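Undergrad: turn this into a structure:
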Amino acid sequence: MQPHYNKQPDLYVSQVNTDVYCYHCGSNSYIKQGKTSSEDKKQIYKCKTCKKVFVEGRTQSYKAEYEDCDDVWSAEALGISIPKHRHQSKIVFFKIKHPWLKYHVKKFIKYMAASGRHLNTITGYTTAFNDFSRFLLEQHYSLKDISEINRQLILDYLSYLKIRKIGYSQTTRRLGTLKMFFELGLVNQWFKVPPYLILDEDYPKEVKTIPRYIPEEVLRQLNQHLDYLPDSVMRMVLVIQECGLRVGELCQLEFNCLKYDADNNGYIQFMRGKILEEQTIPITPELVKVIQEQQQYIRENLGSGYEYLFCARKAVGSKGAGNKYIKEELFAPTNKILSAESFINYLKRLANEFEIKDNNGRQWNFQSHQFRHSVGTRMINNGVPLHIIQRYLGHKSPTMTQRYAYIYDETLRKEIEKYHESKVVNFQGDTSELDETILSSNNDLEWFKKNVQARALEHGYCARPKVLGNCDIPGFDGCYNCPHWRTNKNFLPVLKDTLERTNNVLQKAKNCGWELQVNKNTPIKDNLEKVIKSLEEDND
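TA: The predicted structure follows:
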């Protein structure tokens, strides 16, 4: 439906809702028919074109009789490779409300499909054009042709994105799509627009993003309730937790993905979704057993003809049963890959049912990629070199892996600050704190990591420089005479206990005339008394 103009110039009253359309036929002609009985109370509509009912915000596969509609394209017909975990393979143009824009966008999509773009990339393009069309409607632009787009309109669009608080990533994608669209249109002579509509300085400044990892307290709660998931889904969670696969890689794991080396160590073999390369990564014996159990599950339920490790369930006929997930009998396996959306919905419902929350009391909203970030964060915090993490996670360049280094620096900083939260003393009880630069400069942090062992001990920590090699002092008692030993008030209970034991040993040695033991323990006693006195003065 085209907008009709009112009497004011360049303004109109829109009769188009840019966000609502029938997912059966694509029409935006509808009437309201109440709301759902669920807690979210979603609006119910009845389409005036196909007479079918649809619900706000829900998506559904397009019916066969509408697949020939000019605004619904088959990805397969365009030669686009469709991942098996993606059950929706349509490219739709319903939300682009301007015919002149839609006409040229379709040319652009055909061109990009022929260039070998992935389905996710193509749908990302259409999302950007949907948003641009929405902007034109909401801001009352009455353009008749694409040639009327000018630099001022683009500047208005930038302000529009900023007002809506669209983040760095989405803003960059929208601008990048439009810039490519305008440039290709000019090169291929599809249309004429002013050159340089979008400039490099229009893009927002890059924000240093932190990996969206799952906090340990959330993972702990998740693992406590895994038994409430269907067995097959539970094993999917265990695999993605350990391996950090992309959800598409997880859903499409082959039945025979489990491999062994000459020493019978287990590996998992799979196809990397983004770089389309086969990769093999080591897994723990526990996960080997999990995969073996899943293989047996597939054999018993789907036979030898099913080629994947995980599967979807058959549709459940009883009303409302599709929302149940804690009863295994409702998960009837079928020879179809579980979709990425279905997998994560199991976890969302689990979090809702058992109120899985973070330390701030907020219910956790699970996303599949969080598991990948959690694996990377855990590895970097355990000191795994970046190039190993890059290979394990299948990053094409070290730039992606480098994001995890930020987590490591922050973690290391907190650990150092924890050790230095009060006065730090050496074996003589003299204050011996690290320079402030070590806590404030990443370069100094790198120096600290490379040159100082900072090994945690039960009575403090060792600050012996690595250039001196490994410590050859036997036992912890030797630390009390070592210039590289550091401690603080957190270790006072251990130090006092050690002093008491040392005094007992000295008393007995003196009574028995054991001169060697007296000479050995007297310096330890003296140094402990100095250290304890200095730390207790700090407490006072």
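Undergrad: all the strands of the stretch 1-150 of the chain, residue numbers only.
TA: Listed in chain order, the strands of the stretch 1-150 of the chain (DSSP state E, counting those that start in this stretch) span residues 4-5, 12-13, 30-35, 43-47, 53-55, 72-74, 90-92.
Undergrad: how about the stretch 151-300 of the chain?
TA: With DSSP E, counting those that start in this stretch as the criterion, the stretch 151-300 of the chain has strands spanning 258-260, 266-271, 278-282.
Undergrad: list the buried residues of the last one.
TA: The neighbour-count criterion (16 or more other CB atoms under 10 Å) identifies 279, 281 as the buried residues of strand 278-282. For every residue, glycine as well, the C-beta is placed using N, CA and C.
Undergrad: partners of it in the sheet?
TA: strand 266-271 (antiparallel) (DSSP bridges).
Undergrad: tell me the domain ranges of the chain?
TA: As assigned by automatic domain parsing, the chain contains the domains 4-202, 216-402, 423-539.
Undergrad: just give me the lowest mean pLDDT stretch among those domains.
TA: Per-stretch averages of pLDDT across those put domain 423-539 at the bottom, with a mean of 70.
Undergrad: for the strands of the stretch 151-300 of the chain, could you give me a markdown table that also reports distance to residue 151?
TA: Supplementary listing: the strands of the stretch 151-300 of the chain in a markdown table, determined by distance: least, CB to CB, whole Å:
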| stretch | distance to residue 151 |
| --- | --- |
| strand 258-260 | 57 |
| strand 266-271 | 44 |
| strand 278-282 | 46 |
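Undergrad: my guess is residue 486 meets residue 459, correct?
TA: No: using CB atoms under 8 Å, residue 486 is not in contact with residue 459; the gap is 10.1 Å.
Undergrad: so between those two, which is more surrounded?
TA: Between residue 486 and residue 459, counted using other CB atoms under 10 Å, the more crowded position is residue 486 (23 against 19).
Undergrad: what is the neighbour count of residue 307?
TA: Going by other CB under 10 Å, the residues that sit close to residue 307 add up to 13.
Undergrad: how close does it sit to residue 240?
TA: Here residue 307 is placed at a distance of 20 Å from residue 240 (CB to CB, to the nearest Å).
Undergrad: in the stretch 301-450 of the chain, which spans are helices?
TA: Under the criterion DSSP state H, counting those that start in this stretch, the stretch 301-450 of the chain carries helices at the ranges 340-354, 368-381, 386-393, 398-419, 436-440, 442-451.
Undergrad: got the angle for the second one vs helix 340-354?
TA: Computed by axes from the mean of the first three to the mean of the last three CA atoms, to 10 degrees, the angle separating helix 368-381 from helix 340-354 equals 80 degrees.
Undergrad: the chain should start at 38 in everything you say after this.
TA: In the new count, where the first residue is 38, that last one comes out as helix 405-418.
Undergrad: run the angle between helix 405-418 and helix 423-430 for me.
TA: 150 degrees.
Undergrad: and the contacts of helix 405-418?
TA: 248-251, 256, 277-284, 287, 377, 380-381, 423, 425-426, 429-430, 438, 441-442, 444-445, 448 (CB atoms under 8 Å, 6 or more residues apart in numbering).
Undergrad: only C-alpha atoms, please: export it in CSV.
TA: The C-alpha atoms that make up helix 405-418 are tabulated as CSV, following Å, rounded to 0.1, in the frame of the first residue of the first chain:
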residue,chain,number,x,y,z
SER,A,405,25.2,-20.0,21.2
HIS,A,406,28.3,-17.9,20.4
GLN,A,407,28.8,-17.2,24.1
PHE,A,408,30.1,-20.8,24.5
ARG,A,409,32.8,-20.1,21.9
HIS,A,410,33.9,-16.9,23.7
SER,A,411,33.9,-18.7,27.0
VAL,A,412,36.3,-21.4,25.7
GLY,A,413,38.6,-18.6,24.3
THR,A,414,38.5,-16.7,27.6
ARG,A,415,39.2,-19.8,29.6
MET,A,416,42.2,-20.7,27.5
ILE,A,417,43.7,-17.3,27.6
ASN,A,418,43.3,-17.1,31.4
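Undergrad: quick one: the spatially closest residue to residue 135 that is not a sequence neighbour from residue 211, how far?
TA: In space, not counting the residues next to it along the chain, residue 135 is nearest to residue 170; the distance is 5.6 Å by CB to CB, 6 or more residues apart in numbering. Relative to residue 211, residue 170 is positioned 12 Å away (CB to CB).
Undergrad: contacts only, for residue 149.
TA: For residue 149, the contacting residues are 158-159, 162, taking CB under 8 Å, 6+ apart as the criterion.
Undergrad: change it to 10 Å
TA: Residue 149 sits next to 115, 117, 158-159, 162, 214, 217-218, 221 when contact means CB atoms under 10 Å, 6 or more residues apart in numbering.
Undergrad: residue furthest from the geometric center of this protein?
TA: Ranking residues of the chain by C-alpha distance from their mean position (CA atoms, centre = their mean) puts residue 550 at the top, at 66.9 Å.
Undergrad: so residue 564 is in contact with residue 522, correct?
TA: Yes: counting by CB atoms under 10 Å, residue 522 is a contact partner of residue 564 at 9.4 Å.
Undergrad: count the neighbours of residue 398 for me.
TA: Every residue meeting other CB under 10 Å relative to residue 398 is counted, giving 7.
Undergrad: wait, I meant residue 206
TA: By other CB under 10 Å, the residues close to residue 206 number 12.
Undergrad: so which of residue 564 and residue 522 has more stuff around it?
TA: Using other CB under 10 Å, the more surrounded residue of residue 564 and residue 522 is residue 522, with 25 against 21.
Undergrad: before we move on, back to that, now do the residue nearest to residue 135 against residue 517, distance only.
TA: To residue 517, residue 170 is 74 Å away according to CB to CB.
Undergrad: more neighbours: those two, which one.
TA: Applying other CB under 10 Å to residue 170 and residue 517 shows that residue 517 carries more neighbours, namely 23 against 20.
Undergrad: how far does stretch 240-256 sit from the chain's center?
TA: With CA atoms, centre = their mean, to the nearest Å as the basis, the distance from the averaged C-alpha position of stretch 240-256 to the chain average is 7 Å.
Undergrad: typo on my end, it should be stretch 260-278
TA: Relative to the mean C-alpha coordinate of its chain, stretch 260-278 is positioned 18 Å out (CA atoms, centre = their mean).
Undergrad: can you point out the buried residues in it?
TA: Of the residues in stretch 260-278, those scored as buried under the neighbour-count criterion (16+ other CB under 10 Å) are 262-263, 265-267, 269-278.
Undergrad: just name the closest of the residues you listed to residue 150, please.
TA: Sorting the buried residues of stretch 260-278 by distance to residue 150 puts residue 277 at the head of the list, at 30.2 Å, by CB to CB.
Undergrad: residues contacting that closest one?
TA: The neighbourhood of residue 277, defined by CB under 10 Å, 6+ apart, consists of 283-284, 286-288, 380, 405-409, 411-412.
Undergrad: let me know which of the strands of the stretch 188-337 of the chain is the nearest to residue 532.
TA: Set against residue 532 and scored by CB to CB, the strands of the stretch 188-337 of the chain come closest in strand 315-319, at 42.2 Å.
Undergrad: run through who's touching that closest one.
TA: If you take CB under 10 Å, 6+ apart as the criterion, strand 315-319 is touched by 279-282, 286, 294, 296, 298, 302-309, 428-431.
Undergrad: for PyMOL, what selects the buried ones among those residues?
TA: In PyMOL, a selection of the buried entries from the contacts of strand 315-319 looks like this (16+ other CB under 10 Å):
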select buried, resi 279+280+281+282+286+294+303+305+307+309+429+430+431
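Undergrad: farthest pair within the contacts of residue 277?
TA: Using CB to CB, those span at most 18.4 Å, a distance reached by 288 and 411.
Undergrad: of the two, which one has the most company?
TA: residue 288 (27 against 21).
Undergrad: the more buried one and residue 555, how far apart?
TA: Distance, residue 288 to residue 555, by CB to CB: 71 Å.
Undergrad: next one: residue 411
TA: Applying CB to CB to residue 411 and residue 555 gives a distance of 55 Å.
Undergrad: and if you look at residue 196?
TA: In this structure, residue 196 lies at 82 Å from residue 555, with CB to CB as the measure.
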